[in-house]
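[1] below are the sequence and a predicted model for it; my questions follow.
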Amino acid sequence: MSHQATELAELVEQQGRNKKRTEIIAVTSGKGGVGKSNISANLAYTLCKMGYKVAAFDADIGLANLDLIFGVKAHKNILNVLKGECELKDIVIPVENGLYLIPGDSGDEIFNYITEDSVARLVNEGSGVLSDIDFLVIDTGAGIGGLTQKFLDASDMLIVVTMPDPSAITDAYAAIKVNAKKRNSIFMILNMVKSAKEAENVYLRMKQIAYKNMCSLSLEFLGYIQSSPSVSSATRGRTLFSRVDPSDQSSLQLRDIARQILSKRERKMLVEEKSGFGGFFQRLLKYL
């Protein structure tokens, strides 16, 4: 009996060591046109190339286009799954080994079908390929609309992407202010900057203003991506700049950002919560 108890204890310990927790990263922006979706897709790809299992979820309601950036064809999306028209495995698209895309729907109809029954089905169906993902990168819509906010609230890490343009900075600040009411830590990425100095100056100005009005907020700088012909060419060609030219400065800068994310990785999910993609919708249900 003692021997069996020891074996059982070892088995439980091993199961605990092997159990993965999915880090849910939501990428948003105050306005469109700052490269948010491009960064979401390339970040997911970069994390995958660093040895992690990653899924990218296209939750940009109204402009779901990650399939175009990844260069894949989506025939069905998450709305079809929630409606019960197909299973989760039918819509998951393998982009590369260890990288998957969950296509979204270009409309807010999705929220009409997020119910206890549909989420329970997602949790069960997600026990396959998406159950042990390390990261779920969610490309959300721009702005501070109510629908986008639900995805942001259900995430572990919130990244606000902006660029050194006055209107973009103003809108990014608005997004930070809204989300600071519900979380103490928000992260920033500066895109399309001319230099590291410009990125740092924009961040420091934003931080100074934020700390005056949001005393409990920790606004952290993840890094920046400089404008480059490689990024411009990849964007026009609807492809991943980090895959086309991995040695370009922009690809290396994004890799630095990924390292920052890994260094700040925190596990905030409760033990009883499901992990993986289904677990995200289980958490999302609480905010609806």
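    Sure thing, it's come through. Predicted model only: the values in this text are computed from it and were never measured.

[2] switch to C-alpha atoms for all contacts and neighbour counts from now on
    Will do.

[3] avg pLDDT for the one helix or strand residue 42 maps to?
    For residue 42, the element it lies in under DSSP states H and E is helix 36-49. Across helix 36-49, pLDDT averages out at 96.

[4] identify all contacting residues around that helix.
    Contacts of helix 36-49 with the rest of the structure, by Cα atoms under 8 Å, 6 or more residues apart in numbering, involve 27-29, 53-56, 65-66, 69-70, 98-99, 137-139, 161-162, 235, 240-243, 254-255, 258.

[5] of those residues, buried ones?
    Neighbour counting by 16 or more other Cα atoms under 10 Å classes 27-29, 53-56, 65-66, 69-70, 98-99, 137-139, 161-162, 240-242, 254-255, 258 among the contacts of helix 36-49 as buried.

[6] the contacts of helix 36-49 in helices, which ones?
    Counting by DSSP state H, the contacts of helix 36-49 place 66, 69-70, 235, 241-243, 254-255, 258 in helices.

[7] dump these into JSON lines; add distance to residue 157 and pLDDT as well.
    Output for the ones in helices among the contacts of helix 36-49, formatted as JSON lines (distance: Cα to Cα, whole Å; pLDDT from 0 to 100):
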{"residue": "66", "distance to residue 157": "20", "pLDDT": "92"}
{"residue": "69", "distance to residue 157": "23", "pLDDT": "93"}
{"residue": "70", "distance to residue 157": "23", "pLDDT": "95"}
{"residue": "235", "distance to residue 157": "25", "pLDDT": "81"}
{"residue": "241", "distance to residue 157": "24", "pLDDT": "93"}
{"residue": "242", "distance to residue 157": "22", "pLDDT": "94"}
{"residue": "243", "distance to residue 157": "24", "pLDDT": "94"}
{"residue": "254", "distance to residue 157": "17", "pLDDT": "97"}
{"residue": "255", "distance to residue 157": "17", "pLDDT": "97"}
{"residue": "258", "distance to residue 157": "13", "pLDDT": "97"}
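
[8] closest one to residue 152 out of these, please.
    residue 66 (18.0 Å; Cα to Cα).

[9] so what's that closest one up against?
    Contact analysis of residue 66 by Cα under 8 Å, 6+ apart lists 37, 41, 58, 101, 103.

[10] what's the closest of the residues you listed to residue 170?
    residue 37 (19.4 Å).

[11] give the contact list for the residue lying closest to residue 185 once chain neighbours are set aside.
    Distances taken as Cα to Cα, 6 or more residues apart in numbering put residue 218 closest to residue 185, at 4.7 Å, once the chain neighbours are dropped. For residue 218, the contacting residues are 184-186, by Cα under 8 Å, 6+ apart.

[12] mind giving me the PyMOL command for buried ones among those?
    Selection of buried members from the contacts of residue 218 for PyMOL, criterion 16+ other Cα under 10 Å:
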select buried, resi 185+186
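
[13] so which of the contacts of residue 218 are in strands?
    Counting by DSSP state E, the contacts of residue 218 place 185-186 in strands.

[14] got the contact list for stretch 68-77?
    38, 41, 67, 90-91, 93, 95, 102-105, 235, 238-240.

[15] how does it look with 7 Å?
    For stretch 68-77, the external contacting residues (Cα atoms under 7 Å, 6 or more residues apart in numbering) are 67, 91, 95, 103-105, 238-240.

[16] tell me which of those residues is nearest to residue 195?
    residue 240 (21.6 Å).

[17] now for the closest one: which residues touch it?
    Counting by Cα under 7 Å, 6+ apart, residue 240 has contacts 42, 69-70, 234.

[18] format these as CSV; extra columns: distance to residue 262.
    Shown next, in CSV, are those (distance: Cα to Cα, whole Å):
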residue, distance to residue 262
42, 15
69, 24
70, 23
234, 26
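
[19] need the nearest residue in space to residue 182, chain neighbours excluded.
    residue 153 (7.6 Å).

[20] against residue 286, how distant is the one you found?
    From residue 153 over to residue 286 the distance is 10 Å, taken as Cα to Cα, to the nearest Å.

[21] which one of these two has more residues nearby?
    The residue with more neighbours, out of residue 153 and residue 286, is residue 153; 18 against 11, by other Cα atoms under 10 Å.
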